[in-house]
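[1] Model the structure of this input:
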Amino acid sequence: MITMIIDATDHVLGRVASFVAKKTLLGETVEIVNCDQAVITGTKVNIMHRYKAKTSRGDPFHGPYIGRQSHMMFRRTIRGMLPRRQEKGLSAYRRIKCHIGVPEHLKDRKFEQVKGADISKMSNLKYMKLGEVCKLLGGRI
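    Model (predicted):
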């Protein structure tokens, strides 16, 4: 089984998520490290309005259940890009592992870069880190 390790530091969340969704549908196992350092583009007001609407929707006893930790939010973003109610999407979703920081068993491994997702080339972009969003929503980073 092929395992790909992606470092999400300073990468746009949606672009990394779509890349990961495609790779897992092709049968690869993907581990994402530094999920709290991923970037969500937009102004702080718009980002927080969108995520507060998601977390306050529904009933606390019947769902939808939205995680407030950065690795769970990252995983849910990827889930939205998979056909999760079909067998291929469900098995692809099981092949995704998200981590806050870098775990011990991955410290000496080489990380892959996602082309076109790095924010260093975008100079005037407004953004927030996923860890900041989770902290403002009341979750742990």
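[2] going forward, measure contacts between C-alpha atoms and count neighbours the same way
    OK.
[3] For R76, see how far away the residue located most distally from the centre of the chain is.
    In terms of distance from the mean C-alpha position of the chain, F61 ranks first, at 24.9 Å (C-alpha atoms, centre = their mean). From F61 over to R76 the distance is 19 Å, taken as C-alpha to C-alpha, to the nearest Å.
[4] go on, L130?
    Relative to R76, L130 is positioned 13 Å away (criterion: C-alpha to C-alpha).
[5] Give me the more crowded residue out of these two.
    L130 (22 against 15; other C-alpha atoms under 10 Å).
[6] Quick one: residues contacting the more buried one.
    35-40, 70 (C-alpha atoms under 8 Å, 6 or more residues apart in numbering).
[7] Highest neighbour count among the residues you listed?
    Most crowded among the contacts of L130, counting by other C-alpha under 10 Å, is C35 at 30 neighbours.
[8] That one reaches S70, doesn't it?
    Yes: C35 is in contact with S70 according to C-alpha atoms under 8 Å; the separation is 6.1 Å.
[9] who touches both of those two?
    Jointly contacting C35 and S70 under the rule C-alpha under 8 Å, 6+ apart are 100, 130-131.
[10] So for the most centrally placed residue in the chain, what's the nearest residue that isn't a sequence neighbour?
    Nearest to the centroid of the C-alpha atoms of the chain, with distances taken as C-alpha atoms, centre = their mean, sits F74, at 2.2 Å. Leaving out its chain neighbours, the residue that sits closest to F74 by C-alpha to C-alpha, 6 or more residues apart in numbering is C35, at 6.7 Å.
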